[in-house]
Every structure is written in structure tokens, then in C-alpha cells.
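Novice: the following block contains a protein sequence and its predicted model.
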Amino acid sequence: MEYSRRAFLQTTCGLVVAASVRHAQAAGSEVRRIKLREGYEVWTQRVGSGPIKVLLLHGGPGIPHDYLQPFADFLPPAGIEIHFYDQLGVGLSDHPDSTSLWNVERYLDEVEQVRAALRLEQFVLFGHSWGGILTMEYALSRHARHLKAAIISNMTASIEDYTRYTKFLKDALPVKVRKELAQLEAAGQASSDRYNEIVFNELYPRHLCRIWPLPQPAQHAIDTMNAKIYNFMQGSNEFEVTGNLKGWDRWQDLHRINVPTLWMGARHDEMDPKSIAREASLVRNSRLFLSKTGSHLTMWDDQKNYFAALLGFLSGLPS
């Protein structure tokens, strides 16, 4: 899951908007705002058209869709229709200030409301990181009857497994870095700007994205995140979950997923590659892709192999 407390590099949305315009011109695009039962609106954008339709769930929680821009470069040219979508409280969607809206159950219901409004049937649900949690939940819910397939990218099946591995990654950082983090933790400053600056400069280039500086859409997504949602649902940093995601665990339920499923991870990910492989072993009709060189944003730092695996999976789905 991606996080930065403050905007370390100031950017504007101009390049992201320009990229979206190019995608729209190249593949056809439609922007829709969908009104939810709660009265708020969420932003969606269709790019391309085709018999295979993919709804994209971004990570976070609290990170907008911008960093998923490569999907518009690879999927629509292959005849695959994609739908970007900013979850409530994020990006171009409405930003209500109500913690009662920030929980897994309500976001799962939101995904179903968006699906229904877009009239997606026998569609593919893709989820990256936090979006992978929602994809697993959707595939395990009564809504799964609408699914053709699921893609879970860079997400393990429990929060405990996630924090176990991020703590392992922290312990592998240089001694000087670990010492300063420990000093800040002992002083009760694990949510300070300095702590998060260290995470940004030391953990992220190793395990978030191995293209550094970050690609502009990914940087923009971090700069414009809704930190309130992240803090409420996850906590103050990558290494300890104190929010309402704490305790989330679906390991014992994965065998109930009944649609073709692609599990995607990477050697340098914030999620344990062994856990991604374990997920695939527990679900019938699964395929597994583990990047040898990528990290958490594998769609950027091992783009060729990532999209080759994704397109291969989609092209092999029954018509």
C-alpha cells in the first residue's frame, strides 16, 4: 500500500490531464460521474471499447487512480475496454469528511454501485494493493455472479502478513537508516514528517517503484492522496496498521473464489512474493505472475513483462 504524509515533490495535474487527453483521442473515452446512494458522486472514465471490460481499483486507501495510467497505453490498443475510477474521498470524486464512510464494507458496496451504474456484466475486476483487498472481497461476495475474472496485483491476503513483511524490509535497510527510524519511534514520532521522509527516500526507491524519481503520474497520485483516509483505515506509516484494516484476513476463504484469477507480485514488492504464490495455490483456476525485477508498482518498473502477463491472461478468458 502506498503512502506519503506530505507532498515531497510539488507537481501539477497538467501532465496527467494531457496524458488522459491523448488516451481519449487515441482510443475513445467517456467520463461519467456516478451518484451513490449516500448522495455523493464518484468519477469514472471509460477508455477504449471491446468485449472484455475491466474495472480498475486503485491502491491506498486514499491514493487516486493517476498512477494506473499505463493501463490506457496497453489494454485499449488490444481491444480491451477499461474503466478508471476514483473511490469516494479520492482524486476527482467527491471528498466528504465522514469517517463512517471509510471502511471495507462500504467501499465494497461502492464498487458494486459503480459496476451497476456502468452496466458491467461478466466483467473483469482488477485491484492493485488496497484495491486488491476490495477485489478479493468482491470475488467472495454475492456480487461475484457478475464477474468474468479477477486480477489481484501486489496484495497479500491478510494485513498481518503485509506488516510482517514490511517490518522485514525495514530491518533490511541500511544500519544508519534503521537507527534513525528506531530513535523516532522511541520518541513517539513515527508519524512525523521526518519519519515519512525517510520512508519516502529509503523504502520507496527499493520497494515501491524502482524507477526514481517516481514517474510523474505516480508522484502526482502520492502528492494528492487523501491522508485522512489512509490514517483512519491503515495508520501513520507502512510498518504498523492501527486503523480499521487491522485484523483483515482472507486466507481461509480464498478457496471459495470461483472465477479465473490472476495473482501478480514482484521480487522487490512491499508484499512477500511467497505470499502471492501461496494465494495462487489456494484458488482454483489461478495463474501467477511474479516479476523478477519489479516492485510494488510493477506496472511501471517491469512494464513489458507485467502487461504481457496481464494481456495473456485476458486473451485466454472464455468468450
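Specialist: Received, thanks.
Novice: least confident secondary structure element in this protein?
Specialist: helix 14-27 (a mean of 42; mean pLDDT, DSSP states H and E).
Novice: how about the very next helix or strand once past that helix: buried residues?
Specialist: Under the assignment DSSP states H and E, the closest C-terminal helix or strand after helix 14-27 is strand 29-35. Under the neighbour-count criterion of 16 or more other C-beta atoms under 10 Å, strand 29-35 has 29, 34 buried. Yep, even glycine has a C-beta here, placed from its N, CA and C like the rest.
Novice: what about residue 34, distance to residue 86?
Specialist: Applying C-beta to C-beta, to the nearest Å, the value for residue 34 to residue 86 is 11 Å.
Novice: got any residues that touch both of these two?
Specialist: Common contacts of residue 34 and residue 86 (C-beta atoms under 8 Å, 6 or more residues apart in numbering): 42, 44.
Novice: now do the SS call for residue 253.
Specialist: What DSSP: H, G, I helix; E, B strand; the rest coil gives for residue 253 is helix.
Novice: from what I see, residue 125 and residue 141 are in contact.
Specialist: No. The pair residue 125 and residue 141 fails to qualify as a contact (C-beta atoms under 8 Å) at a distance of 11.0 Å.
Novice: and these two? Which one has more around it.
Specialist: residue 125 (28 against 15; other C-beta atoms under 10 Å).
Novice: that one in helix, strand or coil?
Specialist: strand.
Novice: strands of the stretch 151-300 of the chain, start to end?
Specialist: Here the stretch 151-300 of the chain has its strands, by DSSP state E, counting those that start in this stretch, at 261-266, 286-291.
Novice: and the ones you listed, which is most packed in?
Specialist: Of all these, strand 261-266 has the most neighbours on average by mean count of other C-beta atoms under 10 Å, namely a mean of 27.
Novice: so, low pLDDT: which residues of the stretch 1-150 of the chain?
Specialist: Residue ranges of the stretch 1-150 of the chain with pLDDT under 70: 1-27.
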